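> using only what follows, build the 3D model:
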Amino acid sequence: MAKMGPGVVVTGLTLGALAVVSLLAFQANGAQDRAGGAKPTVTTSTTGTATTAAPTASATPTVPPVPTTTGTGPRVVYSIGSHYVWLVDPKKNPQVAAAFPVTPGSVEPTPGSYAVYSRTPTTTGTDGKQIEHVVRFAQQNGVVFGFSAAVDGATPTTDPSAKTGGIRSGRAEGQLLWDFAPKDTKVVVVA
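Residues are numbered from 1 along each chain as shown. Sure, this is the predicted structure:
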């Protein structure tokens, strides 16, 4: 039997480890798609209509266009009627950084223009769930309105007896909104 030097053994072990890591990376690639994980829908708006950026073979929900009466400048737009959020920055191309559906609380904010006044990385929601990326923009009649995502990915079941103003998104969408909307960012609520 031929004698191998330590360099050959180390090289063999390194190549074996790289092969295993490559196999695991290949298996993980697209795992979220196969598991049906939620992905934020990025939209583009050049003519005032929205289109999805990367359609998949499965049915992609139709993204409604940004309402036209939301003003100017960078802003988060929330539609009470469609329960959709758009992250809009007119200085960028495309102007709509992301658009995604949300689940409202039991109380909706009054349509109007607001500003982000408070942010909290993690806390407990009014439904007792651990939430993250809390972005608050309004207080009305003792109800605080803001966007958040549950750490476990759940969306609340609306309890009509509890006055909650939390607008819940998926975790990926919550991260996008958190990154987009620092304190004083305009939030426009439309009917």
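> so where's the longest strand in this protein?
strand 130-140 (DSSP state E).
> mind listing what's buried along that one?
Neighbour counts over strand 130-140 (16 or more other Cβ atoms under 10 Å) mark 131-138 as buried. (Each C-beta comes from the backbone N, C-alpha and C, glycine too.)
> and the furthest pair within those?
Comparing every pair within these by Cβ to Cβ identifies 132 and 138 as the most remote, at 19.9 Å.
> hmm, back to that, export the buried residues of strand 130-140 to CSV and tack on pLDDT and distance to residue 155?
Formatted as CSV, these follow (pLDDT from 0 to 100; distance: Cβ to Cβ, whole Å):
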residue, pLDDT, distance to residue 155
131, 96, 11
132, 97, 14
133, 98, 14
134, 98, 15
135, 98, 16
136, 98, 18
137, 98, 19
138, 98, 20
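> closest one of those to residue 124?
residue 131 (7.0 Å).
> so where do the helices sit in this protein?
Ranges of helices in the chain, per DSSP state H, are 6-28, 31-34, 171-180.
> weakest of those helices in terms of mean pLDDT?
Of all the helices of the chain, mean pLDDT reaches its minimum on helix 31-34 (a mean of 38).
> can you tell me how far residue 163 is from residue 74?
Applying Cβ to Cβ, to the nearest Å, the value for residue 163 to residue 74 is 30 Å.
> err, residue 142, not the other one
According to Cβ to Cβ, residue 142 stands 30 Å off from residue 74.
> phi first, then psi, for residue 126.
phi -60, psi -20 (degrees, to the nearest 10).
> from what I can see it touches residue 164, true?
Yes. Using Cβ atoms under 8 Å, residue 126 is in contact with residue 164, at 4.6 Å.
> and residue 128, how many neighbours does it have?
8 (other Cβ atoms under 10 Å).
> for it, phi and psi?
Per-residue torsions, residue 128: phi 80, psi 0 (degrees, to the nearest 10).
> strands of this structure, start to end?
Per DSSP E, the chain carries strands over the ranges 43-44, 51-52, 75-79, 84-88, 96-101, 112-115, 118-124, 130-140, 143-150, 165-169, 186-190.
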